[in-house]
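S.K.: Here is my input, please return the structure:
(chains A, B and C)
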Amino acid sequence: MNKLSSLPAIAACLLALSAPAVNTASAQLLINGAGATFPQPIYTKWFSEYAKVDPSVRFNYQGIGSGGGQKQILSETVDFGASDGPMSDANLATAPRKLWHIPTVAGAVVISYNLPGNPHLHLDGPTLAAIYLGKVTKWNDPAIAGQNPGISLPAQDILVVHRSDGSGTSYIFTDYLSSVSSEWASKVGKNTAVQWPTGLGGKGNAGVAGQVKQASGAIGYVELAYARQNGLPYADMRNSSGVYVSPSIESVVAALASASIPEDFRFSMVNSPGEKAYPIAGATWLLVYAQQKDSVKGQKLVAFLKWAFTEGEKLAASLDYAPLPGSVQARVLERINSITF
Amino acid sequence: MSADSYNQARPSISQQARRRWVSRIVTALMGLSALLVMTPLFLVLYFLIREGASALDWHFFTQLPKPTGEVGGGMANAIVGTLVLLGMAAAIGVPIGVMGGVYLAEYGGERTNDVIRFTADVLNGIPSIVWGMVVYAMLVVPFKTFSAYAGGVALGLMMVPMVMRTTEEVMLLVPQSYREAGLALGIARWKIITVIVIRTAMRGIVTGVLIALARVAGETAPLLFTALGNNFWSHNLSEPISALPLQIFSYAISPYDDWHRQAWAGALVLMLLILVTNLVVRMLSRGRPQS
Amino acid sequence: MDPLGRPRSPASQAARGSRWADRNFYLLALLAALTILGLIALVGWELYRGCHLALAKFGPAFLANSSWDPVSDVYGALPFIFGTLVSSLIALIIAVPLGVATALFLTEMAPQAIRQPVITVIEMLAAVPSVIFGLWGIFVLIPWLRDHLFPWLHSTLGFLPFFSGPIYGVSMLAGGIIVAIMILPIITSVSREIIRSVPNLQREAAYALGSTHWEVIRIAVLSYAHRGIFGAAVLGLGRALGETMAVTMVIGNRPEISASLFAPGYTLASVIANEFTEATSDLYLSALFELGLVLLGITLIVNVIAQLMLRTFSGSSTGKT
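M.R.: Residues are numbered from 1 along each chain as shown, chains lettered A, B, ... in the order given. Next comes the predicted model:
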């Protein structure tokens, strides 16, 4: 019987071991949020900084994916959701109460590649769409070579890599391709996941970057912060004014400045006008109910959001995100002030 | 038997030599297979240590995760969270699994056993994310909150069929004569099962439970929609709770080098946790005399 | 045997007490066993509830449709079913011979001194989490396959359609190999248990006939244990079908039906893992639930076939081993 009783004993030990640890922290209010992975670094940074401002509340954010963020806020299992793409009208209509999009920051998606010598490439939208449609299949295709005089491109097959998991990054990328290529818009369209005409799928930024890094002749898209942190080469993209622009915080800020942002804050900023605007960029949103159910949590949430749009935005650039322009921040603050609880 | 027929039946020398050679070659191939089967473990461990060891320090085990951009911090809450979730999973999976195994090995008729065994095998084949979806619909949506309970239930339910099948297998290996001896002595059936059969099969059952625990300890998918994860200590079990696989997953797909290092370190710790538990209990169970 | 198997002891109070305890113990065990049936019903029901939208929209055509287009909300399961079956089959082809050979080595040949360490190592291999195999697969296995094994296969067996076409590294074959590694421990350990249960009398009889070591194994052990070994393979197949994270990371995630094993593929479990968290439209989510139901169905069919085969294999020797 000794041995028989050892198993429950092990389980009990595990629980006993963890019990004090579970109870050590004092009882603080916990506000839960979940959704997009792309803004996760800046959100966790905000929450940790805000803990110094108001120690009585903790914000727990988990990056489970934009679709997950939308679903969870709709079923009210979290206190706020987060998404890289705006919700569709159909989805928004299923919300039990008025649900608001609060844009927070914007970021760029960069085109990375693996070629001998890692030359600095220049690309335009139609060429990129043709590559992802499987129409341009060689690196020395005139469509690419024509934009890159002076660079000797190999007669190598282009290995197209895309995200296999649904992601906000894919949403921004396909949103861009749809805006520059009518063929892409009609054949494939834009979404967090689409039916890719060609190429391999990699899981997450790391999966795509891993395949681009490993296979010569590969091309893929990743977030700017990811490409920077991992030293990947990336292309300058031709914007709507015909200028080749390198992805950077400045060029995303420029794109944000010229994007038109409607009343409900659901906007697209790909291919924004302006000479300095980088074309493949998108914003990310928090999803918050206009009428908060729990007045204590609602109050704390609103206080945090106000802080985020006054102090928090200043932290964005250090993490490779573009802050919202001042005029937009003011509009967002107005919206936050109207949240009731 | 006459000498003549004996000579006919005896194989010639060359034939014997050939047979011996075949035997040797096959033996060598089998040894080679064993080597080949072991290789992946060493390769995996080597890379885990190479990538993860540098990020392992005291802080890793004692501190909460630091926000982006600040180097350092640890996974203390995730380590504890994993232990809590495993404890809850074992509390659900072990009693049900072992008792189910007892039924299969000791009571069930052939037809009933076929159905239950078959169902258990099917359950084992269900991808873990499906368990996450099921428990999400069962516990998270109705109660409108992610919780440690939901995570523990998801892992516990996954353990049930695994523990049940291994328990049954090892109990069937206990010779029938043990049971008959007990019956002959007039000992009650349930006592024969608990005192004689389960005890004899204990080592196998423990191994089965540990394999099941080890398998669910590394699961990410069923926790994504149940335990959710938590950047802090959890105050009570009805709040979201952190777990090592969740933290590894979240850090691995992030763009920051420091987080990648932590992800590898977390993977190394998870691996060590699993291996050490395995080894310790193995030694404990071997140290005791077998009944 | 009498299901309760109670001994006929003298009718005393103690006996009545133990009968009561016996009854409760039996009921408890029965309840635990029935939990399994409850669980499968729960899973089946939740999956069904989740996918009624897709069922109503696509009907049986879902299984034969090979497009997967979240933008226009058209979904089909065919390439995923194909990928699941092919990658599992590859895994079995690799893992069953290796696992059984290792089990034979451990039970029949290995000296005591190396037996236990090898067993320990194999059990540790079973403990490696899927996500860690995935990481290792991407950074270690895939480059090696792409630069060494695949080119070699291509040049020696390239005349077969399976080993032709361009080499990316991530592929159906890579998925099969990683699954093979992951199901090796279970196949090995179950085979080992089976082989160990072969009575020594069998072996001694074969030795007495003057058989060599291998002949003893072939005649006395394998012919006796083949049924159980088949069971081990089925158990491995069950695991292979549902393997998720590691496969997702190496198989290439492309819903495509191709004869070449170098081409990327996609499995049912992978697509659920990849897209479940990001499915935004209700029909999309519903289609993913239906894939879960299809996976459940495939494991069911595979197990039924296996059980039927086990019956024919076992012939007259039915009943518990």
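S.K.: Now the residue of chain A found nearest chain C. Nearest residue, chain neighbours left out?
M.R.: Proximity of chain A to chain C (C-beta to the nearest C-beta) peaks at residue A:166, 2.5 Å away. (C-beta placed from N, C-alpha, C; glycine too.) Closest residue to residue A:166 apart from its sequence neighbours, by C-beta to C-beta, 6 or more residues apart in numbering or on different chains: residue C:278 at 2.5 Å.
S.K.: All the strands of chain C, residue numbers only.
M.R.: C:68-69, C:74-75 (DSSP state E).
S.K.: Quick check: which of these is nearest to chain A?
M.R.: Closest of the strands of chain C to chain A is strand C:68-69, at 3.9 Å (criterion: C-beta to the nearest C-beta).
S.K.: sorry, back to before: the residue of chain A closest to chain C contacts residue C:272, doesn't it?
M.R.: No: counting by C-beta atoms under 8 Å, residue A:166 stays clear of residue C:272, with 11.6 Å between them.
S.K.: and the residue nearest to residue A:166, what does it touch?
M.R.: Residues in contact with residue C:278 (C-beta atoms under 8 Å, 6 or more residues apart in numbering or on different chains) are A:65-68, A:165-167, A:192-193.
S.K.: hey, where'd the helices end up in the stretch 151-291 of chain B?
M.R.: B:176-184, B:189-191, B:199-200, B:202-217, B:221-224, B:244-252, B:257-287 (DSSP state H, counting those that start in this stretch).
S.K.: and residue A:29, which of those is closest to it?
M.R.: helix B:244-252 (22.3 Å; C-beta to C-beta).
S.K.: what's the closest one packed up against?
M.R.: With contacts taken as 3 or more C-beta pairs under 8 Å, 6 or more residues apart in numbering or on different chains; DSSP states H and E, helix B:244-252 sits against strand A:57-63, helix B:76-102, helix B:221-224, helix B:257-287, helix C:130-136.
S.K.: so which of those is the most packed in?
M.R.: Most buried of those, by mean neighbour count (mean count of other C-beta atoms under 10 Å in any protein chain shown): helix B:221-224, with a mean of 30.
S.K.: how far does it sit from the chain's center?
M.R.: Centre-to-centre, helix B:221-224 and its host chain are 17 Å apart (C-alpha atoms, centre = their mean, to the nearest Å).
S.K.: Same check on stretch A:157-164?
M.R.: For stretch A:157-164, the gap between its own C-alpha mean and the chain's C-alpha mean amounts to 20 Å (C-alpha atoms, centre = their mean).
S.K.: What is the longest helix of chain B by residue count?
M.R.: If you go by DSSP state H, chain B has its longest helix at helix B:13-52.
S.K.: in that helix, what's buried?
M.R.: Burial within helix B:13-52, assessed by neighbour count using 16 or more other C-beta atoms under 10 Å in any protein chain shown, is assigned to B:19, B:23, B:26-27, B:30-31, B:33-34, B:37-38, B:40-41, B:44-45, B:47-48, B:51-52.
S.K.: now stretch C:31-48
M.R.: Within stretch C:31-48, the residues that qualify as buried are C:32-33, C:35-36, C:39-40, C:42-44, C:46-47, counting by 16+ other C-beta under 10 Å.
S.K.: Name the residue of chain C that lies nearest to chain B.
M.R.: Counting by C-beta to the nearest C-beta, chain C gets nearest to chain B through residue C:129 (2.2 Å).
S.K.: How many neighbouring residues does that residue have?
M.R.: 24 (other C-beta atoms under 10 Å in any protein chain shown).
S.K.: cool, residue A:258 as well?
M.R.: So residue A:258, with other C-beta under 10 Å, has 16 neighbours.
S.K.: Residue A:274 is in contact with that one, correct?
M.R.: Yes: in this structure, residue A:258 is within contact of residue A:274 by C-beta under 8 Å, at 4.1 Å.
S.K.: In the stretch 101-250 of chain A, what residue spans correspond to helices?
M.R.: A:125-132, A:142-145, A:168-180, A:182-187, A:204-214, A:224-229, A:249-258.
S.K.: Let me see the confidence value for the closest residue to chain A within the stretch 1-150 of chain C.
M.R.: Taking C-beta to the nearest C-beta, chain A has its nearest neighbour within the stretch 1-150 of chain C at residue C:71, 3.5 Å off. Listed pLDDT for residue C:71 reads 84.
S.K.: Spatially, and excluding backbone neighbours, which residue is closest to it.
M.R.: residue A:189 (3.5 Å).
S.K.: Contact partners for the one you found?
M.R.: A:174, A:178, C:71-72.
S.K.: Compile those residues into JSON lines and extend it with columns for neighbour count and distance to residue A:281.
M.R.: Output for these, formatted as JSON lines (neighbours: other C-beta atoms under 10 Å in any protein chain shown; distance: C-beta to C-beta, whole Å):
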{"residue": "A:174", "neighbour count": "27", "distance to residue A:281": "14"}
{"residue": "A:178", "neighbour count": "24", "distance to residue A:281": "15"}
{"residue": "C:71", "neighbour count": "18", "distance to residue A:281": "21"}
{"residue": "C:72", "neighbour count": "13", "distance to residue A:281": "26"}
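S.K.: would you list those in TSV and tack on distance to residue A:270?
M.R.: TSV is the format used below for the contacts of residue A:189 (distance: C-beta to C-beta, whole Å):
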residue	distance to residue A:270
A:174	10
A:178	8
C:71	16
C:72	21
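S.K.: Nearest to residue A:119, out of the helices and strands packed on helix B:244-252?
M.R.: Here helix B:257-287 is closest among the helices and strands packed on helix B:244-252 (C-beta to C-beta), at 25.1 Å.
S.K.: re the thing from before, report the spatially closest residue to the residue of chain C closest to chain B, excluding sequence-adjacent ones.
M.R.: Closest to residue C:129 by C-beta to C-beta, 6+ apart is residue B:218, at 2.2 Å.
S.K.: And the pLDDT for that neighbour?
M.R.: 88.
S.K.: what does residue B:3 give?
M.R.: pLDDT, residue B:3: 50.
S.K.: Report the residue ranges of every domain in chain A.
M.R.: A:29-107+A:282-337, A:109-257 (automatic domain parsing).
S.K.: sorry, back to before: residue contacts, the residue nearest to residue C:129?
M.R.: So residue B:218 contacts B:245, B:270, B:274, C:127-132 (C-beta under 8 Å, 6+ apart).
S.K.: For those, could you give me JSON lines that also reports pLDDT?
M.R.: Putting those into JSON lines (pLDDT from 0 to 100) gives the following:
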{"residue": "B:245", "pLDDT": "91"}
{"residue": "B:270", "pLDDT": "91"}
{"residue": "B:274", "pLDDT": "84"}
{"residue": "C:127", "pLDDT": "80"}
{"residue": "C:128", "pLDDT": "87"}
{"residue": "C:129", "pLDDT": "86"}
{"residue": "C:130", "pLDDT": "84"}
{"residue": "C:131", "pLDDT": "79"}
{"residue": "C:132", "pLDDT": "86"}
